[in-house]
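Colleague: Fold the following, please.
(chains A and B)
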Amino acid sequence: MNDTLKSLRFTLLAVVAALFVSAFIIVITDIEALGNGDFGKALSTLGTAYWGLFKGSFGSLRAISNTITGATPLLLAGLAVSSAFKAGLFNIGATGQMLAGAITGLWVGFAFQLPPLLHVPLALVASAVGGAAFGAIPGILKARTGAHEVITTIMLNGIASFTVLWLLKTELFKREGRDDAISKFVEDSAKLPKLFWFMGKRIDLLAHTGFVVALLATFVFWWLLRKTTLGFEMQATGLNQEAARYAGMRTKSLMVVSMAIAGSFAGLAGGTEVMGLYGYASATVAGDIGFDAIAVALLGRSTPIGTLVSALLFGALQAGGRQMQVDTDVPIDLIIVLRALIVMFIAAPLLVKAMFRVKGEVKSFGQTFRGWGG
Amino acid sequence: MKFELRGITKRFPGVVANDGVNLHVSTGEVLALIGENGAGKSTLMNVLYGLYRADEGELLIDGKPSHFSSPADAIAAGIGMVHQHFMLVPVMTVAENVVLGVEPTGRFGSLDIDEARRMVREVSDKYSLELDPDAVIEDLSVGVRQRVEIVKVLMRDAKIVVFDEPTAVLTPSEILEFFEIVRSLVAAGRGVIFITHKLKEALSVADRINVLRRGKVVGEALPKNTSESQIAEMMVGRAVQLVVDKTEAVPRESMLDVRNVTVVEPDGRVVVDDVTFEVRVGEIVGVAGVQGNGQTELVEAIAGLRRAASGSIVLGGRDITTDSPRERHEAGMAHIPEDRQRQGLVTDLSIVENLVLTRYHDSEFSSGIRMKWDVAKTRAKELVAAYDIRTTDPAQPASTLSGGNQQKVIVARELSREIRLAVAAQPTRGIDVGSIEYVHAQIVKERDAGRAVLVVSTELDEVMSLADRVLVMYRGRIVADVDPKKVSHMDIGLYMAGSRPSGAVA
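Modeller: Numbering: from 1, shown residues only, chains lettered A, B, ... in the order given. A predicted model of the protein is given here:
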């Protein structure tokens, strides 16, 4: 069996294992039923919950739309983490880079009057550039001073959050008549079209063409890795910096470039949220996406296709979780537990290996985290 | 005590690492286990030491079948192992390290360090190991550290001591001392298994030699009626050229001119001290010396991985002192680095990718930002064939190759283009006899094709047989520049140790 298939099967097993453990949690927390000794009811709760999870994620066009809506920023931010991983950098700063991209995209979105065919791409480019510029900072800091990117990206997340909070209250960004941190709307010409526009005026289909942007970005990431000298340099540096230096690669500039590329993906995540979903920016526009993106990248083994699949999975869990909460008393928080379990099973391959008696060597994920020490 | 392995078979997915291996060793004798890398020596020892469980076969102690399910069982049965990589705590003293895990305790469980010291002194005296129980490990030389490991094993009352490639890290004189220790162990009624891939060592210290090839014992030999080339042939499975086959060098104009180069560490230590030499077209210059005397830093300064604090480096008339590694590469310098895993290869990348690691920016392999992977693949197929790289598929990661084949990947990449100077550091470290022969032949071929070649090696035999001119480095300086045909190994050994043969003019 080749490596890709093996790791795919392994990821799948981790998801199954997590679903099992979550099922156990659902059953034992159904206190009412258990108190009456009614195991049958507890099991039917479980059935309803998991049916809801599926129905809410793939059961209807609306469910699929919700899955895609959730997956779009996760995919772009996930690429930000994956691409940095490939270059041996651990980018915790997707949140900050998203905020930077959201703000630059927002500004282009409302400050110009242009036809949509120009305005949308221009605003997207602005988001990517904003994210790239913000992402490059930890790269420069590492190249120049050796400051570890894990520390600097976390700190820069804080800086970005509060800068955005302040910016949103300035005259330039502030929405008329509002005192809280909420921005003007972008011009209609800068709004990303809905993905299911051909379905007429159904306002419940939130999915937007930001998803197409995300798919294109995934392709760019793949192309970069497989087809370009830069991608080759990034991977060589990420896997063995000493060898890259020996081979004449400029490893320090590569750090900056890699972080800028990562930042541009995250910036697009922020921009597409503003231009596709909200139409404006608030201080919470990035939410937890930047952190969930780390799990997405980890689950997807930092490959383009893996990141895409795991972003869709996380998007589905999020959309399905809401349905599950409606259908049963199982809170949506369980989804957080489920996601955490998936990541845990992925990070502890021996556990899954033992559970499913998988034969052969399992490559540890420890390797993904190389660069922690340096 | 007699220790015996009978019909040991150990399989890993896709390989049979040990295939029906029989061997036995008794107290009072030295058994050398010799084989190329990947022949299954380490697997066999891990089976013996309880780290792996054999799929088939049995272990017999004095004729009785035994089972080891962990190293603790092996230790209890009287087997001791001195690993190639020492397991010592650098900041602790000799006595503290030796008793780690079997601490003698006083009342209330407090560590009785005096008892520990006494125990170390006792063992050390008995085998004349000359260990100071209060010395801190990090202050000790590699040879002394190895003796600490030996004491550790002896204190656990090992009847059979297994040494895994014990001489790889030792200097020539330390190797001789090590052999003395082995003899005194045997004289004191212990048995020794000595794992090595060095023929000379096996012949000089062993009572019997078992040769392992592809997981099987392919022969047993007694040193007194066996020659080096016979054993080499058993190891490789064909006749092997042990001496480098080359003609007289015909040096021409100077290609590499290193003048007054000094390299200083960030902490101010001078590691290369005012070094001047030249390498001419058509000659192989060898740099000999004990590891850690500035050879690594000198090579890095020449290759551009380290900046020289002063002095100049000229390649073919062009001053490259401040050039980047890539500029030097493009000026015609090939560099085979001393550590193939750490520097020479990205082992997680494919063989194809590794074959273009230093060359991907050439117009042959890329145009602008686009990589021409199809060209790289075709080229890789040619190189795999031309340089005899043993692989089923060049798309496999380089980590799947044996050490010798990994080295061939580097040699192929560095020497398969138009170059003017080849710098090879430790070109045959840790690779098998067959590959050594091959790499040496390639290096001589480069010389004969009109390139200048600089070879740096801590293996004195290698430098002496390969080089046309030998420089000896000691404490960052070049202390000798000699013709290897006119000086003895002994004399070079003296230079390497910092002294000077009587009557010699450097």
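Colleague: For chain A, what is the nearest residue in chain B?
Modeller: Chain A sits closest to B:R326 of chain B, with a gap of 3.3 Å, by CB to the nearest CB. Bear in mind the C-beta positions are built from the backbone N, C-alpha and C, glycine included.
Colleague: so how many other residues sit close to that residue?
Modeller: 15 (other CB atoms under 10 Å in any protein chain shown).
Colleague: One more: B:K200?
Modeller: Residues within reach of B:K200, counting by other CB under 10 Å, total 13.
Colleague: What helix or strand is it located in?
Modeller: Take DSSP states H and E as the rule and B:K200 turns out to sit in helix B:199-205.
Colleague: I'd like the mean pLDDT over that helix, please.
Modeller: For helix B:199-205, the mean pLDDT works out to 88.
Colleague: Give me the next element, helix or strand, following that helix.
Modeller: strand B:208-213.
Colleague: Kindly export whichever helix or strand comes after that next one (C-alpha atoms) in CSV.
Modeller: With elements assigned by DSSP H and E, the helix or strand that comes after strand B:208-213 is strand B:216-221. Taking Å, rounded to 0.1, in the frame of the first residue of the first chain, the C-alpha atoms of strand B:216-221 are listed here in CSV:
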residue,chain,number,x,y,z
LYS,B,216,22.8,-14.7,6.8
VAL,B,217,26.0,-15.9,8.2
VAL,B,218,28.0,-16.5,5.0
GLY,B,219,31.2,-17.6,6.6
GLU,B,220,33.3,-18.2,9.6
ALA,B,221,37.0,-17.5,9.6
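Colleague: what's the burial count for the residue nearest to B:V192 when sequence neighbours are not counted?
Modeller: Excluding the flanking residues, the one nearest B:V192 by CB to CB, 6 or more residues apart in numbering or on different chains is B:V30, at 4.5 Å. Using other CB under 10 Å, B:V30 is surrounded by 24 other residues.
Colleague: Equivalent analysis for A:S82, please.
Modeller: Neighbour tally, A:S82, other CB under 10 Å: 32.
Colleague: residues from chain A in reach of chain B?
Modeller: Counting by CB under 8 Å from any CB of the partner chain, chain A comes close to chain B at A:226-232, A:235-236, A:239-240, A:242-248, A:250, A:359-361, A:367.
Colleague: let's see 6 Å
Modeller: Residues of chain A lying close to chain B (CB under 6 Å from any CB of the partner chain) are A:227-229, A:232, A:236, A:239-240, A:242-243, A:246-248, A:360.
Colleague: Look up how far B:D245 lies from the residue nearest to B:V192.
Modeller: To B:D245, B:V30 is 33 Å away according to CB to CB, to the nearest Å.
Colleague: which pair in the residues of chain A next to chain B spans the largest distance?
Modeller: Distance extremes for these: the farthest pair is A:G248 and A:G360 at 37.4 Å, using CB to CB.
Colleague: These two: which has the busier surroundings?
Modeller: Neighbour count, other CB under 10 Å: between A:G248 and A:G360, A:G248 has more, with 24 against 10.
Colleague: Quick check, pLDDT for the closest residue to the more buried one other than its chain neighbours.
Modeller: Closest residue to A:G248 apart from its sequence neighbours, by CB to CB, 6+ apart: B:R326 at 3.3 Å. Note on B:R326: pLDDT of 94.
Colleague: Equivalent analysis for B:R121, please.
Modeller: Turning to B:R121, the model gives it a pLDDT of 91.
Colleague: Same question for A:G37.
Modeller: 73.
Colleague: mind checking which helix or strand it is in?
Modeller: Per DSSP H and E, there is no helix or strand for A:G37.
Colleague: State the phi and psi torsions of it.
Modeller: Dihedral angles of A:G37 (phi, psi; degrees, to the nearest 10) stand at phi 70, psi 20.
Colleague: neighbours of it, just the number please.
Modeller: So A:G37, with other CB under 10 Å, has 9 neighbours.
Colleague: and it, what is it in contact with?
Modeller: By CB atoms under 6 Å, 6 or more residues apart in numbering or on different chains, A:G37 lies in contact with nothing.
Colleague: just for the stretch 151-300 of chain B, where's the confidence low?
Modeller: Residues of the stretch 151-300 of chain B that meet the criterion pLDDT under 70 lie in B:169, B:242.
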